[in-house]
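> Would you be able to build a 3D model of this:
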Amino acid sequence: MRIDRFQSFALDAYRQAPEIAGAEPWSDGTSRPAGIELKVAGRTVRHALTRVRVPGEDTGQPEAAPVEGPPAEPIEPRPAPAGAQDRQTAVYLAAVLAGAGHPEIARVCSYDEKSQNAGLGVEFHSGAKIHMLLT
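Residues are numbered from 1 along each chain as shown. A predicted model of the protein is given here:
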């Protein structure tokens, strides 16, 4: 799944989560050309989208047919975002995306405490990955 389709999917998933008051496309010029801005727990949270392509993929060509498989395991319980800090928010967002049950998504995770930045990642059955650092 390429960034434009993933962004559309993620926006839809976030907009269906009752704890998220708003979700809109976001970018920060050429340094972060794709991302999402969310209203969660009374604050604005943004995450940029970067993609690791499938080896041998020609991004100048149209996207190949989707590779589907079992949806990602749900992340339960879905933590409440009230007063959440960035790492807790990343866990919550990962739970929202995993809970959507998209057949192209193999795995969703939030970055652990050892990671320098709060964020989350999505692995696809195609072998592609999307990383989302909270900004």
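
> Endpoint to endpoint, stretch 50-59 covers what distance?
Using C-alpha to C-alpha, to the nearest Å, the end-to-end distance of stretch 50-59 comes to 14 Å.

> which parts of it are buried?
T50, R51 (16 or more other C-beta atoms under 10 Å). C-betas here are computed from N, CA, C, even on glycine.

> what does stretch 84-93 give?
Of all the residues in stretch 84-93, those buried under the rule 16+ other C-beta under 10 Å are A84, R87, Q88, T89, A90, V91, Y92, L93.

> Can you dump the C-alpha atoms of that stretch in CSV for me?
Taking C-alpha atoms only, stretch 84-93 is exported to CSV below (Å, rounded to 0.1, in the frame of the first residue of the first chain):
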residue,chain,number,x,y,z
ALA,A,84,-2.2,10.6,27.3
GLN,A,85,1.4,11.4,26.5
ASP,A,86,3.0,10.8,23.1
ARG,A,87,3.9,7.2,23.6
GLN,A,88,0.5,6.3,25.0
THR,A,89,-1.1,8.2,22.1
ALA,A,90,1.0,6.1,19.7
VAL,A,91,-0.2,2.9,21.4
TYR,A,92,-3.8,4.2,21.0
LEU,A,93,-3.4,5.1,17.4
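
> Could you dump the buried residues of stretch 84-93 into a markdown table with pLDDT and distance to M132 added?
Compiled in a markdown table, the buried residues of stretch 84-93 are given as follows (pLDDT from 0 to 100; distance: C-beta to C-beta, whole Å):
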| residue | pLDDT | distance to M132 |
| --- | --- | --- |
| A84 | 70 | 16 |
| R87 | 85 | 13 |
| Q88 | 87 | 15 |
| T89 | 89 | 11 |
| A90 | 91 | 8 |
| V91 | 90 | 13 |
| Y92 | 92 | 13 |
| L93 | 94 | 8 |
